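A.B. asks: Need the 3D shape of this:
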Amino acid sequence: MIDVLIVDDSLTTREFIKHIFSTDPEMRVIGEAKNGSEALRFVQSHRPDVVIMDIQMPGMNGYETTQAIMEICPVPIVIHSTLAAPGQTEVVFQAMKAGAVAVSLKPSGPGHPESRLLIEKLIRTVKLMSEIKVVRKLGHRRKHSEIADISGRLAGRARQGIEIVGIGASTGGPPVLQTLISSLSPGFSIPIIVVQHIAAGFLSGMLTWLSHHSQMMLSIPQTGDVINEGHIYFAPEDHHMEITPARRFLIRPIADNNALKRPITHLFSSMAQVFGKTAAGVLLTGMGNDGAVGLKEMKQQGAVTLVQNRESSVVFGMPHEAIKLDAASYVLSPTEIASYLNLLGPQNPAAT
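C.D. replies: Below is the predicted model of the structure:
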């Protein structure tokens, strides 16, 4: 049984969501809260499996409440709002930055043509998110004071001659990507290839959001495109992206009947074959095990491999799987990963 807390200042909305969940025998609403303060108290005393969180509420809004819960007593939180549409980029990624594991559009009332599909999607999302083992979100002060001199500690471990960086991320990934991209040195030019698991319709919005924090060019490549310095490339939604021996992109759709979709591992494997020890692989927060096997292949070919640590991950699934396979050269926080990347390449005389 999945125990759910509904947080919304609208009684009508709370009753509607309760009705939706009452139709599924695997779900049970164990509490309601009309504001953030009530939600925080309830989570601390009852520990629901999932929290459904509205954004616009009196007092603490949904972002603030989500961040407080994730810092004090973390549980999976699904932001649930009429504002959470693909076009509302800032809303969606602000929710993820606060610590939400998913963002869902509120279903319309009965009789609306899209109501049934939105209800089914909400139920699927809540069931899937209930299986996530979230970890405590570090407070703002702690994140910025956790390391006194990262560069000094990592300088002796960095490596010159890195030609490409591959990054894989899933649940909780966009805010970490923002941290990494915004922390790159002005002279950083090594091409970066990213696979981010993301819901359909949100990729272009994510690139727009991230572009405000990047001095590099962000784009979605097509088959045959050449990998250029100073660019960050993102895999298209529902597509495998690999690097050919000619160091060009090959983009192929993932078959619908492919039960084991591993786009991160697919990218990492091709990087291992083409770039070997001149590549760096980074595996960030996310549920499941995508990327672990591919990162292991990269390490076996001499590449440097980094994974995000437990303390900073919203979900430690993918990094943990990589660690279990001995696929990680280093286990670091996002701040440390960014500092390490800045030490790579010929533009950094400190790298050795």
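A.B. asks: Going along the chain, name the helices of the stretch 201-350 of the chain.
C.D. replies: Along the stretch 201-350 of the chain, counting by DSSP state H, counting those that start in this stretch, helices occupy 203-211, 263-275, 292-300, 317-324, 334-342.
A.B. asks: Just the CA trace of stretch 197-204, in CSV.
C.D. replies: Provided in CSV are the C-alpha atoms of stretch 197-204 (Å, rounded to 0.1, in the frame of the first residue of the first chain):
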residue,chain,number,x,y,z
HIS,A,197,16.3,11.2,-18.6
ILE,A,198,13.5,13.7,-18.9
ALA,A,199,9.8,13.7,-19.6
ALA,A,200,8.7,14.2,-23.2
GLY,A,201,8.3,17.9,-24.1
PHE,A,202,10.7,19.3,-21.6
LEU,A,203,14.1,19.0,-23.2
SER,A,204,14.1,22.2,-25.2
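A.B. asks: Now render the helices of the stretch 201-350 of the chain as JSON lines, adding mean pLDDT.
C.D. replies: Formatted as JSON lines, the helices of the stretch 201-350 of the chain follow (pLDDT from 0 to 100):
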{"stretch": "helix 203-211", "mean pLDDT": "91"}
{"stretch": "helix 263-275", "mean pLDDT": "97"}
{"stretch": "helix 292-300", "mean pLDDT": "98"}
{"stretch": "helix 317-324", "mean pLDDT": "97"}
{"stretch": "helix 334-342", "mean pLDDT": "92"}
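A.B. asks: For residue 3, find the nearest of these.
C.D. replies: Closest to residue 3 of the helices of the stretch 201-350 of the chain, according to C-beta to C-beta: helix 317-324, at 21.4 Å. The C-beta positions use only the backbone N, C-alpha and C, and glycine is treated the same way.
A.B. asks: ok, the spatially closest residue to residue 170 that is not a sequence neighbour - contacts?
C.D. replies: Nearest residue to residue 170, sequence neighbours excluded (C-beta to C-beta, 6 or more residues apart in numbering): residue 286, at 2.5 Å. By C-beta atoms under 8 Å, 6 or more residues apart in numbering, the residues touching residue 286 are 168-173, 197, 315, 317-319.
A.B. asks: repeat for residue 132
C.D. replies: Contact analysis of residue 132 by C-beta under 8 Å, 6+ apart lists 76, 101, 171, 287, 315, 317.
A.B. asks: ok, now with 6 Å
C.D. replies: The neighbours of residue 132, taking C-beta atoms under 6 Å, 6 or more residues apart in numbering as the test, are 76, 101, 287, 315.
A.B. asks: And the second one, its phi and psi?
C.D. replies: With angles defined as degrees, to the nearest 10, residue 101 shows backbone torsions of phi -90, psi -10.
A.B. asks: Against residue 172, how distant is it?
C.D. replies: The gap separating residue 101 from residue 172 is 7 Å, by C-beta to C-beta, to the nearest Å.
A.B. asks: again, but for residue 77
C.D. replies: To residue 172, residue 77 is 11 Å away according to C-beta to C-beta.
A.B. asks: Could you do residue 206 as well?
C.D. replies: From residue 206 to residue 172 the distance is 13 Å (C-beta to C-beta).
A.B. asks: now residue 134
C.D. replies: The value you get for residue 134 to residue 172, if C-beta to C-beta is used, is 9 Å.
A.B. asks: Of these two, give the one with the bigger neighbour count.
C.D. replies: Between residue 134 and residue 172, counted using other C-beta atoms under 10 Å, the more crowded position is residue 172 (26 against 22).
A.B. asks: what's the closest non-adjacent residue to the more buried one?
C.D. replies: residue 314 (2.9 Å).
A.B. asks: give me every residue that touches the spatially most central residue of the chain.
C.D. replies: The centroid of the chain falls nearest to residue 173 when counting by C-alpha atoms, centre = their mean (1.7 Å). Counting by C-beta under 6 Å, 6+ apart, residue 173 makes contact with 196, 284-285.
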